[in-house]
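> Coordinates only, no sequence provided:
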């Protein structure tokens, strides 16, 4: 294909991907009300514990409700249309890959997508505990209430889910580096002390300091994923040595 043909092919793939995202956004907008209810449930729990007028999700402008629904629709649209735009991306780059690269890419995606979904689920489980525990530090007394701005609250939930979801994919990148010959499985395994320290700091930063249970849950899952990636890399190195006993492993 010529350069112009490549650009036409890319435009076609992007157009189909955009249609998929738009359709997903329409579905996301339709189901945005149940999503808002789920997001606001921790705030309702805080309000029930301190009084119905103590805490609420605050919409401070005329267009706030529509803005929140559009943000939710865009996030859900990207998520549920992922099979469409991922396939379009894959169909565009696949002709330029070797058979070995195709096999590795398929394995990477098959591992990364379920792990990212699991990370989103864990982040969703952690989120209510963070809201409830942080509400304890708000001073109590007459004339004091806790109103959550819709935009700030949505950013908090979205960033938490995204960070935890991406952290679950990190072991897949370690395995990819091993398959590329950049890091050996033994080197990954030797760095377990540093890895546990980094995981502990990340879990402490991603969860409230007072919520020890959520921190230990997140850190424990990430540690298991790290050691699974290290052991898998060791097995890959052994298979490389059996195939090429003369060639040294990086």
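Thanks, I have it. Given the structure is predicted, the values throughout are model-derived calculations rather than measurements.

> Going by C-alpha atoms from here, please, whenever you check contacts or count neighbours.
OK.

> State the helix or strand in which the residue nearest to the spatial centre of the chain lies.
For the chain, the residue nearest the mean C-alpha position is residue 165 (2.2 Å; CA atoms, centre = their mean). Assigned by DSSP states H and E, residue 165 belongs to helix 150-179.

> tell me which strands and helices that helix is in contact with?
The helices and strands touching helix 150-179, judged by 3 or more CA pairs under 8 Å, 6 or more residues apart in numbering; DSSP states H and E, are helix 64-80, helix 99-135, helix 212-243.

> ok so, going back, residue 171 versus the residue nearest to the centre of the chain, what's the distance?
12 Å (CA to CA, to the nearest Å).

> Residues in contact with stretch 47-60: which ones?
Stretch 47-60 is contacted from outside by 40, 43, 44, 46, 65, 144, 145, 146, 147, 148, 149, 150, using CA atoms under 8 Å, 6 or more residues apart in numbering.

> How many neighbouring residues does the closest residue to residue 25 other than its chain neighbours have?
Excluding the flanking residues, the one nearest residue 25 by CA to CA, 6 or more residues apart in numbering is residue 77, at 4.0 Å. Close neighbours of residue 77, defined as other CA atoms under 10 Å, add up to 22.

> I'd say residue 77 and residue 17 touch.
No: between residue 77 and residue 17 there is no contact under CA atoms under 8 Å: 11.2 Å.

> returning to that earlier point: so for residue 2, which of the helices and strands packed on helix 150-179 sits nearest?
helix 99-135 (22.5 Å; CA to CA).

> quick one on the thing from earlier: how about a markdown table for the helices and strands packed on helix 150-179, with mean pLDDT and distance to residue 179 added?
Listed next are the helices and strands packed on helix 150-179 as a markdown table, based on pLDDT from 0 to 100; distance: least, CA to CA, whole Å:
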| stretch | mean pLDDT | distance to residue 179 |
| --- | --- | --- |
| helix 64-80 | 91 | 28 |
| helix 99-135 | 83 | 8 |
| helix 212-243 | 83 | 8 |
